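# here is my input, please return the structure:
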Amino acid sequence: MTKYFMILVIAGVMSWITYPEITAIKYGDYKDLIGALLNVSSIIFAIIGAWIAIIYPKAIGKTFGNNLKSNEFYAHLNENKGDSNYLSELVEIVLVSAVVLICVLIIQFLYPVVRGMDFFGLNVSILKSTGFFILATLTICQLHAVFRVILANYFFLNQLRKKNVDDEIDRLHK
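Residues are numbered from 1 along each chain as shown. Purely as a prediction, here's the structure:
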């Protein structure tokens, strides 16, 4: 939770520092960023979601199926603590990407509506600053998710290589 609070703080500081420049930015300037956020979050959501389904089909079956009682499911997770930590990290990445995807879709849906509304003299710079803050937060969250995917794969690959080396040493010692 602390990491997401830090992301909000970083986005807030960015918004505060760049406040004078934000008023000159138009929605069209954000279109490429919004498209990239939409694409990256969709890809991560789909690929990591499929990866979870392929690598951990038992965990998914036990979670969504009625085959095991909840205490048996938790016992299985405790047996495979490393797997459950890795699985929880992947699920968190998928959730972050899903939230980014939802927020981007909401922004794209609401922008034309908000643009056409009269906010009774509400300062447009406040809306632009809020939009910048939201997009900065989503961008940092998605970048964080991408880096976590890279790190998770790196550590997974190292564990796999270590296991292969250990198996080869065991085979040579027989």
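# quick one: the helices in this structure, in order.
Taking DSSP state H as the test, the helices found in the chain are 2-17, 19-22, 27-55, 57-64, 70-79, 81-116, 124-173.
# tabulate these (a markdown table), appending mean neighbour count and mean pLDDT.
(Each C-beta comes from the backbone N, C-alpha and C, glycine too.) Output for these, formatted as a markdown table (neighbours: other CB atoms under 10 Å; pLDDT from 0 to 100):
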| stretch | mean neighbour count | mean pLDDT |
| --- | --- | --- |
| helix 2-17 | 13 | 91 |
| helix 19-22 | 12 | 86 |
| helix 27-55 | 15 | 90 |
| helix 57-64 | 14 | 64 |
| helix 70-79 | 12 | 58 |
| helix 81-116 | 15 | 86 |
| helix 124-173 | 14 | 88 |
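# doesn't I34 make contact with I107?
Yes: counting by CB atoms under 8 Å, I34 is a contact partner of I107 at 6.7 Å.
# name the residues contacting each of those two.
Shared contacts of I107 and I34, defined by CB atoms under 8 Å, 6 or more residues apart in numbering, comprise L135.
# how far out from the middle of the chain is stretch 139-157?
Distance of stretch 139-157 from its chain centroid, counting by CA atoms, centre = their mean, to the nearest Å, is 9 Å.
# CA atoms of that stretch as PDB?
In PDB, the C-alpha atoms belonging to stretch 139-157 read as follows (Å, rounded to 0.1, in the frame of the first residue of the first chain):
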ATOM      1  CA  THR A 139       1.400   6.300 -16.100                       C
ATOM      2  CA  ILE A 140       3.500   5.800 -13.000                       C
ATOM      3  CA  CYS A 141       1.400   2.800 -11.900                       C
ATOM      4  CA  GLN A 142       1.600   1.200 -15.300                       C
ATOM      5  CA  LEU A 143       5.400   1.800 -15.500                       C
ATOM      6  CA  HIS A 144       5.700   0.300 -12.000                       C
ATOM      7  CA  ALA A 145       3.700  -2.800 -13.200                       C
ATOM      8  CA  VAL A 146       5.900  -3.200 -16.300                       C
ATOM      9  CA  PHE A 147       9.100  -3.000 -14.200                       C
ATOM     10  CA  ARG A 148       7.600  -5.600 -11.800                       C
ATOM     11  CA  VAL A 149       6.900  -7.900 -14.700                       C
ATOM     12  CA  ILE A 150      10.500  -7.600 -15.800                       C
ATOM     13  CA  LEU A 151      11.800  -8.200 -12.300                       C
ATOM     14  CA  ALA A 152       9.500 -11.100 -11.700                       C
ATOM     15  CA  ASN A 153      10.600 -12.800 -14.900                       C
ATOM     16  CA  TYR A 154      14.200 -12.100 -14.100                       C
ATOM     17  CA  PHE A 155      14.000 -13.700 -10.700                       C
ATOM     18  CA  PHE A 156      11.900 -16.600 -12.100                       C
ATOM     19  CA  LEU A 157      14.600 -17.200 -14.700                       C
END
